[in-house]
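Trainee: Just to be clear, the model below is a prediction. Sequence and coordinates:
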Amino acid sequence: MNTLKPDILWSLRREMVRIRKFEEKAGQMYGLRKIGGFCHLYNGQEAVAVGCIGAMDRTIDKVLTGYRDHGHALAAGLDPNSIMAELFGKITGVSRGKGGSMHLFDPAQGFLGGNGIVGAQIPVATGVAFAQKYKKTGGATAVFFGDGAIHQGAFHEALNLAKIWSLPAVFICENNQWGMGTNWKRVSAVDDFSLMASAYGVRGERVDGMDVLAVRDAAIRALTDARAGNPVLLEARTYRYKGHSMSDPQKYRTRDEVDEYRKQDPIYLLEQRMLAMGAWDESKAAVQDAEADEMVEAAVAFAEASPEPAAHTIYEDVYAGEPFFAGGLAHRKGALAWQ
């Protein structure tokens, strides 16, 4: 880790700051009712997405995640304007205003979506990894999920198949220690999720999810193994500073607990590491912060100015290929009476 070039360190900080600023602004916009529906923020967990996705080859690798997907989408290179527009439900959003917070999607960036169903992305990602192996693309698939999802049967089935078929898959459990309002230790028979890998002959590794450099190192090892046909399970022990969703009053945990974890803020920890390595520059950090502020303000302005989806688009993107109602209902009188 200490041999990393300063430009890599600054790139990692930039990505984490961009995510933090974006999430703070998304929280504000939700409070102003500009954003509706579900909204799960990523504050505190930035090191996991940035460390893992930053280690990937985005020309051939694929990323899938769950409903807390804003950070992964930004780390994977999705346009912040289009992400914010999606949160606003606008036609210029990455999912044309139909997916909202939980269903960001951009295959051009290798980002195959957030998923609103707990753990549902895990078998889908396993299928993507199978396609990569079948087509000999040389790519790997990283799938992110929470500590609540690791107890879903789909996780165990997927891990088993990934091992049997030697798939290039990296399973990343972001253990933020609270599944909605229940502490993970109350619902898990083990307190080290990486041990679950051994049941399927898969290598498991636990990493400090608040340390972006440790996550990056673990991801590089995992991706190397995965490309060789050896799937890996990573448990990134992290912490979310916000509630499970924007509607969560967080009465299940104390302010002291949250404050204690704020001392392990992943951005602060990286800055302290850079300071110790002689790579810190206060003026450069200020520039990064200002650029992130400008990014989120521009994203909100873009979302505000974007149009709502036209009524006929509700019938589009339902099937692969030409939608039945292409052109809108105005051109298909009596269409609702079809067969």
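Mentor: Nice, I can see it.
Trainee: and the longest helix for the protein?
Mentor: Ranked by number of residues, the top helix in the chain under DSSP state H is helix 6-31.
Trainee: And that one, what does it pack against?
Mentor: Applying 3 or more C-beta pairs under 8 Å, 6 or more residues apart in numbering; DSSP states H and E, we find helix 6-31 packed against helix 46-53, helix 70-75, helix 80-87, helix 212-227, helix 266-276, helix 282-305. (C-beta placed from N, C-alpha, C; glycine too.)
Trainee: Any stretches of the protein with poor pLDDT?
Mentor: Residue ranges of the chain with pLDDT under 70: 1-2, 322-339.
Trainee: Repeat the analysis, applying 90 as the threshold.
Mentor: 1-4, 148, 176-193, 239-240, 242-262, 314-339 (pLDDT under 90).
Trainee: Can you give me the domain boundaries for it?
Mentor: Domains of the chain are assigned by automatic domain parsing as 6-308, 312-339.
Trainee: Can you get me a residue count around Lys251?
Mentor: Neighbour count of Lys251, defined by other C-beta atoms under 10 Å: 8.
Trainee: which of the domains of the chain is buried the deepest?
Mentor: Mean neighbour count, computed with mean count of other C-beta atoms under 10 Å, is highest for domain 6-308 among these, reaching a mean of 19.
Trainee: so how far is the first residue of it from its last?
Mentor: End-to-end distance of domain 6-308: 43 Å, with C-alpha to C-alpha, to the nearest Å as the criterion.
Trainee: these two touch, right, Glu248 and Arg240?
Mentor: Residue 248: Asp, not Glu. No: if you go by C-beta atoms under 8 Å, Asp248 and Arg240 don't touch, sitting 10.0 Å apart.
Trainee: Confirm that Arg206 lies within a strand, as I assumed.
Mentor: Yes: Arg206 sits within a strand when classified using DSSP: H, G, I helix; E, B strand; the rest coil.
Trainee: Does it touch Val232 like I think?
Mentor: No: Arg206 is not in contact with Val232 according to C-beta under 8 Å; the separation is 11.8 Å.
Trainee: so Glu174 is in which element?
Mentor: strand 169-175 (DSSP states H and E).
Trainee: And that strand, what does it pack against?
Mentor: helix 46-53, helix 121-135, strand 141-146, helix 153-164, helix 212-227, strand 232-237.
Trainee: List of residues touching it?
Mentor: Residues from elsewhere that reach strand 169-175, judged by C-beta atoms under 8 Å, 6 or more residues apart in numbering: 45, 48, 52, 68, 122, 125-126, 129, 140-147, 149-150, 155, 158-159, 162, 184, 193, 209, 219, 222-223, 226, 231-238.
Trainee: Repeat the analysis, applying 7 Å as the threshold.
Mentor: 45, 48, 52, 125-126, 129, 140-147, 150, 159, 162, 184, 193, 209, 222-223, 226, 231-238 (C-beta atoms under 7 Å, 6 or more residues apart in numbering).
Trainee: Partner strands of the helix or strand just after that strand and their direction?
Mentor: Once strand 169-175 ends, the next helix or strand along the chain (criterion: DSSP H and E) is strand 178-179. Its sheet considered, strand 178-179 pairs with strand 182-183 (antiparallel) by DSSP bridges.
Trainee: Could you give the separation of the strand it pairs with from the chain centroid?
Mentor: 21 Å (C-alpha atoms, centre = their mean, to the nearest Å).
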